[in-house]
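> show me how the following folds:
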Amino acid sequence: MAEISIIVPVYNLERLLPRCVDSILAQTFTDFELILVNDGSSDGTGKLCNAYARADNRVKVVHKENGGVASARNAGLNIAKGRYIGFADNDDLLNQYMFEVLYDIAVAHSSDIVICNYVEVDEDASCDTKTYEDNYQVRHFDHIEALHQLYTANYITFVVPWNKLYKRYLFDNIRFEEGNINDDETVAHKLFYQSGKTTFVQTGLYYYIQRKGSLMHSPFKVNQLDAVYALKQREVFFRKKKERTLHQKALKHYMEKFFWYYFLAKSSSQETETALKKLKRTFNRSLIHLLKSTEISGKQKIMCVVFSISPVLFVSIRNISAKQQANGQTKI
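Residues are numbered from 1 along each chain as shown. Take a look at the predicted model:
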């Protein structure tokens, strides 16, 4: 039985997949199984996965109908045999020492989750995967301290699943939310909440490749509103767990993202009216909690009430405020 199961969802990326897979097979830590989940690819990706499985007995392949990244990750989790779980995205690269470093830290410190930094790399740039900064700091967090990192500059580092090593038991009753493109947001807080110790290794071992055709660089799509629903779920989670401080932070984060995405959708060329009406109903149900929040200012609470009554009036007030700021006058 392998110590680590590394799960990689793959979809229509025949051209770039070898870079990712080769960087995993080149790991200095060798006691792993690599689970490639072919999520209904229509190009040669599936055949390429099969070729890797024939060439290396550590590679397992799952072929399934297209269901999205969350569905593919869950399919990998369902057959994973390792005592630890890792993830990678099919267009990214791993430093060859990544899993050796994360595993050694996990064992040495009895950590349930080990996190490393990631490095953003342009898709056309070269990437040195054979060396890393080994004079790094290590920080330890209990489950509440780790959850507070979701509201710091380390937010993305702590949310994404692909720069981490998890103990397998954390996924015994947790799966990624299928159909939500922000599936990482739907599970991060749950995993940290039930963990004993999280360790942050402050060195970059995962290379996040920025592709021009990726979601991050694409025009607005309605399913991007999934981010707001995921943050709403987190707010409700902390409220039910009676984690008051975390709940207050989650409420504020939800409010900020709600307005950001609401007006991003409004300004897009997409047909968003139905989706925004549904989103606003969710906001209205959150209003009483927003008004009780200690993290949200009095002015922000007033604007929340105004928005719940009339988004048009809210926009008018916001525009007046923006003009006054531009003219150096007092902000409303």
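> what's stretch 135-151 in contact with?
When contacts are defined by CB atoms under 8 Å, 6 or more residues apart in numbering, stretch 135-151 is touched by residues 105, 109, 111, 113, 155, 157-159, 188-189, 192-203, 243, 245-246, 249-250, 253. Placement of C-beta: from N, CA and C, glycine included.
> now that stretch: buried residues?
Within stretch 135-151, the residues that qualify as buried by neighbour count (16 or more other CB atoms under 10 Å) are Tyr136, Phe141, His143, Ala146, Leu147, Gln149, Leu150, Tyr151.
> cool, and stretch 3-21?
By neighbour count, with 16+ other CB under 10 Å as the criterion, the buried positions of stretch 3-21 are 3-13, 16-17, 19-21.
> can you put the buried residues of stretch 135-151 in TSV and add secondary structure and pLDDT?
Converted to TSV, the buried residues of stretch 135-151 look like this (DSSP: H, G, I helix; E, B strand; the rest coil; pLDDT from 0 to 100):
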residue	secondary structure	pLDDT
Tyr136	coil	96
Phe141	strand	99
His143	helix	98
Ala146	helix	99
Leu147	helix	99
Gln149	helix	99
Leu150	helix	98
Tyr151	helix	98
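> roughly how far does Glu3 sit from Ile24?
Glu3 sits at a distance of 14 Å from Ile24 (criterion: CB to CB, to the nearest Å).
> keeping just the C-alphas, turn stretch 89-101 into CSV.
Presented in CSV, the C-alpha positions along stretch 89-101 are these (Å, rounded to 0.1, in the frame of the first residue of the first chain):
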residue,chain,number,x,y,z
ASP,A,89,-3.9,20.4,-11.2
ASN,A,90,-3.2,18.9,-14.6
ASP,A,91,-1.4,22.0,-16.0
ASP,A,92,0.9,22.7,-13.0
LEU,A,93,4.3,21.6,-12.0
LEU,A,94,5.8,20.2,-8.8
ASN,A,95,9.3,20.6,-7.4
GLN,A,96,10.8,17.2,-7.3
TYR,A,97,11.3,17.5,-3.5
MET,A,98,7.8,18.6,-2.7
PHE,A,99,6.3,15.4,-1.3
GLU,A,100,9.5,14.4,0.4
VAL,A,101,9.5,17.7,2.3
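> ok now that stretch, how far from the chain's centre?
Relative to the centre of its chain, stretch 89-101 is centred 17 Å away, using CA atoms, centre = their mean, to the nearest Å.
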